[in-house]
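Colleague: return atomic coordinates for the entry below.
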Amino acid sequence: MTRKLLITGAAGRIGSFFLKTYKDDYDFVLTDKRQAAETHGYPFQQADLSDFAAVKSLCAGVDTVIHLGADPSMEALWESLLPNNVIATYNVFEAARLAGCRRVIFASSINAVWGYPADVQVHTDMPVFPVNLYGVTKCWGEALGRYYAATHKLSSICLRFGAVQPRDSEVLDEKHPWLDIVLTWDDCARLIAAAVNAPDSLDFGIYHGVSENRFKRLDISDARLELGYAPQDDSFALAEERAGGNRE
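Modeller: Alright, predicted model coming up:
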């Protein structure tokens, strides 16, 4: 039977790209605060995730919730983070529990551990180290996932995305300091799909999301071993290709 997936934040770049990539592999329900440009024929409901009743109705009959909806700004203020990142995330987990969903995939962020020095490779067993309130809300979401997995047996997978970029992004420059945290859109979609398809026995996990970069600020060993994540892109190689093209 085809899995039914609810994507929150479906109008955003990650949700849109995942839907476009896997539109023929799953059944989808889509939601966002703003209208999606393309739904590929799947039902879309415009909703505010801080409204519990709205979220609860969206989870009916859903196998897996891919929770991407949030204020994504590293400079976001508490007045926005509280409804969009804290209350909304609680609503998603609680609605998924009440609906009997199999799994919630929570879009966490490198900002949960951004405080470590740039030359330190961060592993998933290291303490969280946020340096902005946005990162703090991602730590909250990870802790919430752990709670729901342990207390309510709701499988919860937290994906710490790096700098999510298209393969032709201007960030892919040989001199750019963030090449080691790049997660291409293609690899991001692969990571989310791996989390969706992970065995039912996987009750909880925090996994890092960067591409197959020559140096990876975030260690992805756990994601490879436990999710079967197989990234294909190397940001350093893409940057070199881009530079070569620009020099012609």
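Colleague: lowest-pLDDT helix or strand in the protein?
Modeller: Least confident helix or strand, the chain: helix 235-247 with a mean of 82, by mean pLDDT, DSSP states H and E.
Colleague: can you list contacts of it?
Modeller: Helix 235-247 is contacted from outside by 165, 167-168, 171-174, 176, 179-180, 182, 184, 211, 213-215, using C-beta atoms under 8 Å, 6 or more residues apart in numbering. In this view, the C-beta of every residue, glycine as well, is placed from N, C-alpha and C.
Colleague: what sits closest to residue 102 if chain neighbours are left out?
Modeller: Nearest residue to residue 102, sequence neighbours excluded (C-beta to C-beta, 6 or more residues apart in numbering): residue 63, at 5.0 Å.
Colleague: what's the closest non-adjacent residue to residue 152?
Modeller: Closest residue in space to residue 152, ignoring its immediate chain neighbours: residue 97 at 5.0 Å, by C-beta to C-beta, 6+ apart.
Colleague: where's that neighbour relative to residue 218, distance?
Modeller: Residue 97 is 29 Å from residue 218, where distance means C-beta to C-beta, to the nearest Å.
Colleague: which one's more surrounded, the two?
Modeller: The neighbour comparison of residue 97 against residue 218 (other C-beta atoms under 10 Å) goes to residue 218, with 23 against 16.
Colleague: quick one, what contacts the more buried one?
Modeller: 110, 113, 121-122, 160, 162, 181, 208-210 are the contacts of residue 218 under C-beta under 8 Å, 6+ apart.
Colleague: where along the chain do the strands fall?
Modeller: Here the chain has its strands, by DSSP state E, at 4-8, 27-32, 44-46, 64-67, 103-109, 155-161, 163-165, 182-184, 204-209.
Colleague: residue 74 is nearest to which of these?
Modeller: strand 103-109 (8.6 Å; C-beta to C-beta).
Colleague: may I see the buried residues of the longest helix along the chain?
Modeller: When the chain is parsed with DSSP state H, its longest helix is helix 133-152. Neighbour-count burial for helix 133-152, counted by 16 or more other C-beta atoms under 10 Å, picks out 133-142, 144-146, 148-149.
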